[in-house]
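Participant: Quick one, what's the 3D model for this:
(one chain, ligands or ions: 2)
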Amino acid sequence: MSYLNNGGILMNKFDVVILGAGPGGGALAYALKAQDLKVAVVEENLWGGTCPNRGCDPKKVLLAAVDARRHSQYLEGNGLKKAPEIDWPALIKFEKTFTDPVSEGTKTGLKNAGITVIDGSVKFVDKHTIFANDQKVTADKFVIATGARPGLLEVDGKHHFKTSTDFLQMTQMPKTVTFVGGGYIAFEFAAIASAAGAQVHIVHHNDRPLKAFPQADVQRLVHQLKEVGVQFHFGVDISRIEKNETGYELISAQGFSLQTDQVFCTAGRIPNDDTLALEKAGVKYSKKGIEVDDHLRTTAENIYALGDVVDKTQPKLTPVSGFEAHYLAELFGGHDKSIRYPAIPTVIYGDPRLAMVGVNADEAQKQTSIYKVSDMDITGWFTYRRLNEPLAHATVITSKKTGAVVGASLMSSEADDLINYFAMAINRQLTPESLKETIFAYPTAASDLTYFM
Ligand SMILES: Cc1cc2nc3c(=O)[nH]c(=O)nc-3n(C[C@H](O)[C@H](O)[C@H](O)COP(=O)(O)OP(=O)(O)OC[C@H]3O[C@@H](n4cnc5c(N)ncnc54)[C@H](O)[C@@H]3O)c2cc1C
Ligand SMILES: NC(=O)c1ccc[n+]([C@@H]2O[C@H](COP(=O)([O-])OP(=O)(O)OC[C@H]3O[C@@H](n4cnc5c(N)ncnc54)[C@H](O)[C@@H]3O)[C@@H](O)[C@H]2O)c1
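Facilitator: Numbers count the residues shown, from 1 in each chain. Ligands and ions are numbered 1, 2, ... in the order given. Modelled structure (predicted):
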């Protein structure tokens, strides 16, 4: 139902309006439509959100070429003569064949399912009303799924910073590339840029990059990136970026200076909660995201939030947004359970992959009366030796009381797939004995599972 009010403004009334058409908002819209609710989605930018347009998917497309080159390098002299070089402009052109159709395709898909799609940037008027550009929309419930955007460090010359979005659209690879902030994006993009021929620098403000991952694994990853030429600058706080004839100079108050052709800020993302006029709706938020309770309800009783925009301890990842969407669909469908997250696997798609799930090895080492920690150099195992990979490693944590696997961190080219088996083992509380009841196809990375525990 829509009509014009006295002011000539288009009015719409919905059961649920979802703000943001990312993986979280999109998944929720389909699930609520399946419950016969009148649903609208408002999107201010590209339909589909961060992951398929400027995040996970385009990155993984670039990685296909990077992986092919690296694996060829490992086999040089062992069956392969010469590793191929990356043709960056052609690779970006290939990547665009994935990203270009996403927005229109996502929007059409929602429309075809009977979901109302509205292009516009949302501002709350009150807790039952929003403005999406010039459209006034009312609803019984709102779900804020507006995600996050790249943050820019507050330094002089911060307008010179490029972002992860720029990197994924860059048609030429510069000779030198610098990432400021040693997190997920820096480690992944450093592996990509270095394989594509750039001299890569990572500048990090302390000596502990990737702080959510076990320290020993991070050190191994740093070592591996150094081996392929990536330069790390730890304990450096950039205070200024100056443009000069040949590119940019990064400067710290302590006298650090680095000349680079391009500089990317990879020091974290900012939740998109500060542009929504949330005060008007009584929704509490901060720089960390929107405050929610254990039902993903905000401080306004009819307004919920999910995904990267939420202030939470869980990692901000695509499948986590999807999990929360599924939870809210069930909540709106009538159940009243609190949200309970399973063990969440997370991966650095670097060289090699670093993946972890469940209890962190560093925490487990501090509680040896509770956990058994098995640390394994698996480089010599058949699965990895046949690829001639320089580094493969696994740490597996089991409960001393039950024998069940409770955590793992893996490093190898297979780690991103293999970690999912560990996630399943943890969530189903599998013991090494129960794993032996399954026959795994051999020879595969999964057929090694019983040797890990
Ligand atoms: C470079 C990069 C690589 C990544 N790689 C991975 C990976 O490998 N694996 C993984 O799991 N995760 C990865 N992520 C994280 C993943 O992309 C996010 O966790 C995921 O997209 C979050 O989904 P969401 O639906 O919560 O938010 P988003 O995908 O950010 O969607 C939010 C949507 O809301 C819209 N919006 C914002 N403000 C408004 C407004 N005022 N009005 C209307 N619409 C608005 C935005 O335009 C956007 O489309 C990566 C992220 C980046 C940046
Ligand atoms: N593979 C994946 O799943 C994946 C990949 C990319 C991004 N993401 C998501 O996107 C988020 C953002 O990624 P990101 O890499 O921008 O952030 P991040 O939070 O992973 O890392 C940012 C890093 O910057 C550092 N930092 C902060 N201030 C700094 C300063 N002044 N100077 C130097 N370093 C500084 C922080 O200590 C931190 O280590 C991730 O946290 C994750 O949720 C996920």
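Participant: alpha carbons only for contacts and neighbour counts from here, please
Facilitator: Noted.
Participant: how about the helices of the stretch 201-350 of the chain, start to end?
Facilitator: Under the criterion DSSP state H, counting those that start in this stretch, the stretch 201-350 of the chain contains helices at 215-227, 318-332.
Participant: The stretch 351-453 of the chain now?
Facilitator: Along the stretch 351-453 of the chain, the stretches classed as helices by DSSP H, counting those that start in this stretch are 361-365, 382-385, 415-427, 432-435, 449-452.
Participant: Buried deepest among those, which one?
Facilitator: Neighbour counts (mean count of other CA atoms under 10 Å) averaged over each of the helices of the stretch 351-453 of the chain peak at helix 415-427, with a mean of 20.
Participant: how far away is the residue sitting nearest the centre point of the chain from K284?
Facilitator: Centroid-nearest residue in the chain, with CA atoms, centre = their mean: L317, separated by 4.3 Å. Counting by CA to CA, to the nearest Å, the gap from L317 to K284 is 22 Å.
Participant: isn't L62 right up against P89?
Facilitator: No. The criterion here is CA atoms under 8 Å, and L62 misses it with P89 at 11.1 Å.
Participant: who's more crowded, the two?
Facilitator: For L62 versus P89, the count of surrounding residues by other CA atoms under 10 Å is larger for L62: 21 against 14.
Participant: so where does the more buried one fall, helix or strand?
Facilitator: Per DSSP states H and E, L62 falls inside helix 56-74.
Participant: after that helix comes which helix or strand?
Facilitator: By DSSP H and E, the next helix or strand past helix 56-74 is helix 88-99.
Participant: And for the closest residue to D126 other than its chain neighbours, the neighbour number?
Facilitator: Setting aside the residues directly before and after it, D126 is nearest to A281 in space (CA to CA, 6 or more residues apart in numbering), at 4.6 Å. Neighbours of A281 under the rule other CA under 10 Å: 20.
Participant: who touches A281 in this structure?
Facilitator: Listed by CA atoms under 8 Å, 6 or more residues apart in numbering, the contact set of A281 reads F124, V125, D126, K127, H128, A300.
Participant: Roughly how far does the fourth one sit from P84?
Facilitator: So that's K127. K127 sits 57 Å away from P84, going by CA to CA.
Participant: Find the nearest non-adjacent residue to F131, please.
Facilitator: Going by CA to CA, 6+ apart, F131 has K123 as its nearest residue, at 5.3 Å.
Participant: Settle this for me: that neighbour is touching T275, isn't it.
Facilitator: Yes. Contact criterion CA under 8 Å: K123 and T275 qualify, at 7.2 Å.
Participant: quick one, which of the helices of the stretch 201-350 of the chain is packed in tightest?
Facilitator: Neighbour counts (mean count of other CA under 10 Å) averaged over each of the helices of the stretch 201-350 of the chain peak at helix 318-332, with a mean of 20.
Participant: To what extent is the closest residue in space to A139 that isn't next to it in sequence buried, counted in neighbours?
Facilitator: Spatial nearest neighbour of A139, chain neighbours left out: F14 (4.6 Å); criterion: CA to CA, 6+ apart. F14: 18 surrounding residues under other CA under 10 Å.
Participant: SS state for F14?
Facilitator: strand (DSSP: H, G, I helix; E, B strand; the rest coil).
Participant: now swap in T178 and tell me
Facilitator: strand.
Participant: quick one: contacts for it?
Facilitator: Shown in contact with T178 (CA under 8 Å, 6+ apart): V200, H201, I202, V203, T260, Q262, V263, F264.
Participant: The same query, at a cut-off of 10 Å, please.
Facilitator: Taking CA atoms under 10 Å, 6 or more residues apart in numbering, we find T178 in contact with 186, 190, 193, 198-203, 230-232, 248, 250, 258-266.
Participant: so what's it scoring on pLDDT?
Facilitator: Predicted confidence (pLDDT) at T178: the value is 98.
Participant: just N5 next, same as before
Facilitator: Note on N5: pLDDT of 47.
Participant: cool, and A404?
Facilitator: With respect to pLDDT, A404 has a value of 92.
Participant: isn't it right next to I370, touching?
Facilitator: No. Applying CA atoms under 10 Å as the test, A404 and I370 come out as separate, 11.6 Å apart.
Participant: what's the overlap in contacts for those two?
Facilitator: Counting by CA under 10 Å, 6+ apart, the shared contacts of A404 and I370 are I397, T398.
Participant: Those two: which is more packed in?
Facilitator: A404 (20 against 15).
Participant: Would you check how far apart that one and V292 are?
Facilitator: A404 is 32 Å from V292, by CA to CA.
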